[in-house]
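S.K.: Got a predicted structure plus its sequence, pasted below:
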Amino acid sequence: MDDASAAEPQTPVAPEPPAVPGGEPAGPTPLGVGRTATGHAAVDALLERLGDADHLPADGHLEVYEDVHRGLRDTLTALDAHPRPGSPNEHRS
């Protein structure tokens, strides 16, 4: 073994995916990633929306991810919003 080959790390080569008859790439397949409920209905609905990406080609994932990100960001922003004060005579108990 020479010094050049000993210095280069060996990287495994991924096997080629099996050929599909007709040469067409296989369609999208679900990743099977489970989603755990958070107990917050709005957040849970957004997380379920991520499942829509399972049925889209890769170029459709970005729209789903951006939509979910926007919804989660809006939900978190709403938590930071200060409630407007009620009338001086309004007492909540």
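M.R.: Nice, thanks for sending it over. Predicted model, so just to flag it, every value in this text is computed and none were measured.
S.K.: When you work out contacts or count neighbours from here on, use the C-alpha atoms and nothing else.
M.R.: Fine.
S.K.: Does Gly71 fall in a helix, a strand, or a coil region?
M.R.: Secondary structure for Gly71, judged by DSSP: H, G, I helix; E, B strand; the rest coil, is helix.
S.K.: Could I get the pLDDT score of it?
M.R.: We note a pLDDT of 97 for Gly71 in this prediction.
S.K.: Check Thr75 too.
M.R.: 94.
S.K.: which strands and helices sit next to the host helix or strand of it?
M.R.: Using DSSP states H and E, Thr75 falls within helix 61-80. Contacts defined by 3 or more CA pairs under 8 Å, 6 or more residues apart in numbering; DSSP states H and E place helix 61-80 against helix 41-49.
S.K.: picking up where we left off before, can you name the residues in contact with the helix holding Thr75?
M.R.: 42-43, 46-47, 49-50, 52-53 (CA atoms under 8 Å, 6 or more residues apart in numbering).
S.K.: okay, among these, which ones form the most distant pair?
M.R.: Using CA to CA, the pair of the contacts of helix 61-80 lying farthest apart is Ala42 and Ala53, separated by 18.4 Å.
S.K.: the more surrounded of the two?
M.R.: Remark: of Ala42 and Ala53, Ala53 carries more neighbours, 20 against 12, as counted by other CA atoms under 10 Å.
S.K.: so who does the more buried one touch?
M.R.: Contacts of Ala53 by CA under 8 Å, 6+ apart are 60-61, 64.
S.K.: try it again with 7 Å
M.R.: 61, 64 (CA atoms under 7 Å, 6 or more residues apart in numbering).
S.K.: gap between it and Glu66?
M.R.: 11 Å (CA to CA, to the nearest Å).
S.K.: what does Pro57 give?
M.R.: Relative to Glu66, and taking CA to CA, Pro57 is found at 15 Å.
S.K.: what about Pro28, how many neighbours?
M.R.: Around Pro28 there are 12 residues (other CA under 10 Å).
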